[in-house]
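1. Could you look at this predicted model? Sequence included:
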Amino acid sequence: LNLTDNVKFLSKVSEDDLVFYYNCSSGLIFPSLYEGFGFPLLESMACGTLVAASNIDIFKELGGGAPFYFNPRNEKSLIEALNLLTIGDKNKIELGLQISKKYTWKSAISKTLDTYDK
């Protein structure tokens, strides 16, 4: 597709580099059909990066109104989300930052321990 000058395929990336890439990117495109959780969605929102994500339940639960959602099985839906991503939306960036603050390791540990206690 002659995209080698515009697309980089990365395999192993350090945490520091990952934060750098999130911060320098135009957005995260997350066209997944299934996810157990969705760390990249939260990580990118925490970096102030816009997200275009599949409209699967876990992403809608995690991301709320911050991502641009699309049907991952529909090319037109994906193209519409990508167009919105390239335009940008400061309100969605701010919402993503707010939402991502609700998810901390301290909270995850606490909820896990509560579950074990029950």
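-> Nice, I can see it.
2. mind checking pLDDT for the residue nearest in space to the middle of the chain?
-> To find the centre residue of the chain, average its C-alpha atoms and take the closest one (CA atoms, centre = their mean): that gives residue 41, at 2.1 Å. As summarised for this prediction, residue 41 has a pLDDT of 95.
3. start at 47 instead
-> Shifting the count to begin at 47 puts that one at residue 87.
4. just checking, it touches residue 76?
-> Yes. The pair residue 87 and residue 76 qualifies as a contact (CB atoms under 8 Å) at a distance of 5.8 Å. Where you see a C-beta, it was placed from the backbone N, CA and C, and this is true even at glycine.
5. can you list residues touching both of those two?
-> The contact sets of residue 87 and residue 76 overlap at 97, 99, 105, 113 (CB atoms under 8 Å, 6 or more residues apart in numbering).
6. Tell me the confidence at the second one?
-> In the prediction, the pLDDT value recorded for residue 99 is 97.
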